[in-house]
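Novice: Sequence and predicted structure, then a few things I'm wondering about:
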Amino acid sequence: MSNMMNQEEIETLRDLIKDIDIAMLTTATDEGLVSRPMKTQEVEFDGDLWFFTKKDTDKYDEIQHDQHVNVAYVGKSYVSVRGRAEIVEDLGKKKELWSKVYDNIMQTSYDDPNVILIKVKVEAAEYWESGNLIKKVAYFYKRMTGQSSQSTDINETLELN
């Protein structure tokens, strides 16, 4: 399988998440999974997702320990993105992605050494079109009970790795 996403997959995912301001980032801990809301970067999606955070947070330590993450979006569709996270401290990249909104959210500026970026390299994305709730419920029920969910045919998977 190719390590590069094709342009159609990039555009599909870009369209699904482009207007969603807040995503839920899930990281792994020794106790289990932890999710928290993160502001989505207003940047053209090219296969990587970007989020600002600070070094003195649990998510920083969790990503250092285990790079596997999930990012969930809810908008006109439901999107679940699986990927690998890395910590980026590049001052130029922080300046490029910084906007005035972060001055208030983070109570600091992009050149604060405690401010870092989380870069999520997308490996796969699953999405459900909003429409038929019954099929969605059937899909989630079948998945939770270990039954095959193929017959519900309500989601699409994009393999991006």
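Specialist: The structure has been received and is ready for your questions.

Novice: Specify the local secondary structure of K94.
Specialist: helix (DSSP: H, G, I helix; E, B strand; the rest coil).

Novice: now swap in W128 and tell me
Specialist: From three-state DSSP, the assignment for W128 is strand.

Novice: got the contact list for the helix or strand hosting D103?
Specialist: Using DSSP states H and E, D103 sits in helix 100-106. By C-beta atoms under 8 Å, 6 or more residues apart in numbering, the residues outside helix 100-106 that reach it are 39, 52, 54, 109-110, 112, 115. Where you see a C-beta, it was placed from the backbone N, CA and C, and this is true even at glycine.

Novice: Buried among those? Make that a ChimeraX selection.
Specialist: Restricted to buried positions by 16 or more other C-beta atoms under 10 Å, the ChimeraX selection for those reads:
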select :39,52,110,115
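
Novice: can you pull up the bridge partners for the residue most central in space within the chain?
Specialist: Of all residues in the chain, the one closest to the mean position by C-alpha atoms, centre = their mean is V71, 2.8 Å from it. Under DSSP bridges, the beta-bridge partners of V71 are L25, V81.
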